[in-house]
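Visitor: Dropping a prediction and its sequence here:
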Amino acid sequence: MLGFSPQLKGRRSWQYAFTWCKDRDWVGFSPLEGATFVWSHSAGKACFEILVPWSAMAPCHPVFRSEIGLNVGYTQAMGTQGIINCQLLPDPLLQYEISPRLYRRASFAAPSSNRAMICGVSLESSHTTAGSPVKLRVAAPGTGATVLSTAIRQGKRTLKQSRVSVKATAELTTVDVPLDADGLAPGECELEVRDAAGIARRLPFGILPALDPSALHVELAASGTRLPAGSLRTLEFRLQEVERGMAQLRPHAVGTTLGSDLAALESDFQALLRGEDPVAKPKPGRTYPVVVFLHGSASDDRGQLDGMKGMLPGFILVAPYAWGTSHFYTTEEAQEDIREVLVDVEKHYPVDPERIFLSGFSMGGYGVYRTFS
């Protein structure tokens, strides 16, 4: 979701062109570099034009994709009397941060080799598994052979270099070229592709640890009798979260968070194989304080726990999920959920009942007051 405003200068100039959400995740109104927004009005009519560079819209490039889903919302204040709202396709949840979207299909015009196009490049997927190749997609115009040089970097180190030659057989030829990534450690990488004119494109991608969740389920079932109930439930939750992340990972996602979760899970199960409790080592007879954190709008329980990792050592961290992602601590059911969560935590973990703290941010902040009002 992209946002635009005609205020190019002044205290609200950050609204001129920004990214609001990406893949239904709020990204904090980050500037949309290279975009142009022009707005004018006359005789009671408003007109605007938006130009966005393809680099900011990956993977929605007309060379590799024929259409996208599109909706447009226009809002204008009318003095102090009210506002005008217009939408290409009426969607009552259009401005809610991570709600599902309604859209119309919009087709791209077919790319033409008459324009001075050297080549188009993209990745078939912006993530791969350790030991597997990276697949580069190349669109070459019908002007003979297109030669590209590639370099894979991790941090400041250049680890893999190669040359790619694509021979066009039509007005526009699209091919997938596997690039060797064997030996690269899991983590974030960058593929630089440079054409004969010296123009470089930099494509980020991620390498995920090669982990088999089904094998971890077997190991967890075998270890259940020697683990405390709290540790067992926590490992089950972490494994379910990794499986959920793998199922929902989109082809153009780098997978940074999932990669970290996979690495942490791999470390947990290595400790399990050594006979250790990878979650916690509570001292006999000791109880622990609990912090219950209610998430804000455009977040959820999982994102809240991810953001709290390592913040409060020695505490049991709990993050319930509201009945939605915006304005959903206002229902009685939400408060009842919080109470049920605490009952479940006290059942499975050594909780100090005198040190249970309820906190929250934004939407979760008023959820705190409502819970104990």
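Guide: Nice, I can see it.
Visitor: and after the longest helix along the chain, which helix or strand comes next?
Guide: Criterion DSSP state H: the longest helix present in the chain is helix 229-248. Following helix 229-248 in sequence order, the next helix or strand is helix 256-273 (DSSP states H and E).
Visitor: what angle separates the helix or strand just after that next one from helix 229-248?
Guide: Using DSSP H and E, the helix or strand that follows helix 256-273 in sequence is strand 288-294. Interaxial angle, strand 288-294 versus helix 229-248 (axes from the mean of the first three to the mean of the last three C-alpha atoms, to 10 degrees): 30 degrees.
Visitor: neighbouring strands for strand 288-294, and are they parallel or not?
Guide: strand 316-318 (parallel), strand 351-360 (parallel) (DSSP bridges).
Visitor: Cys47: which of those strands is closest?
Guide: Comparison of those against Cys47 by C-beta to C-beta identifies strand 351-360 as nearest, at 43.2 Å. Glycine gets a C-beta too; all of them are placed from N, C-alpha and C.
Visitor: Can you tell me how far the residue of the chain most remote from its centre is from Gln270?
Guide: What lies farthest from the middle of the chain is Ala43; by C-alpha atoms, centre = their mean that is 43.0 Å. Applying C-beta to C-beta, to the nearest Å, the value for Ala43 to Gln270 is 71 Å.
Visitor: Just give the number of residues close to the closest residue to Pro213 other than its chain neighbours.
Guide: Excluding its sequence neighbours, the residue lying closest to Pro213 (C-beta to C-beta, 6 or more residues apart in numbering) is Glu243, at 5.2 Å. Neighbourhood size, Glu243 [other C-beta atoms under 10 Å]: 14.
Visitor: pretty sure Glu243 is in contact with Asp212, am I right?
Guide: No: Glu243 is beyond contact range of Asp212, at 11.0 Å (criterion: C-beta atoms under 8 Å).
Visitor: what helix or strand does the closest residue to Met363 other than its chain neighbours sit in?
Guide: Take Met363 and drop its neighbours on the chain: the residue closest to it by C-beta to C-beta, 6+ apart is Ser297, 4.4 Å away. Ser297 belongs to no helix or strand when assigned by DSSP H and E.
Visitor: Counting neighbours, what do you get for Ser297?
Guide: Counted with other C-beta under 10 Å, the neighbours of Ser297 add up to 19.
Visitor: quick one on the thing from earlier: which one of the strands paired with strand 288-294 is the most hemmed in?
Guide: With neighbours taken as mean count of other C-beta atoms under 10 Å, those reach their highest mean count in strand 316-318, at a mean of 20.
Visitor: which secondary structure element contains Ile152?
Guide: Going by DSSP H and E, Ile152 is in strand 145-154.
Visitor: what about that strand, distance to the chain center?
Guide: 27 Å (C-alpha atoms, centre = their mean, to the nearest Å).
Visitor: what's that strand packed up against?
Guide: Secondary-structure packing of strand 145-154 (3 or more C-beta pairs under 8 Å, 6 or more residues apart in numbering; DSSP states H and E): strand 134-141, strand 157-167, strand 187-194.
Visitor: Would you mind finding the most buried of the ones you listed?
Guide: Counting by mean count of other C-beta under 10 Å, strand 134-141 has the highest mean neighbour count of these, with a mean of 22.
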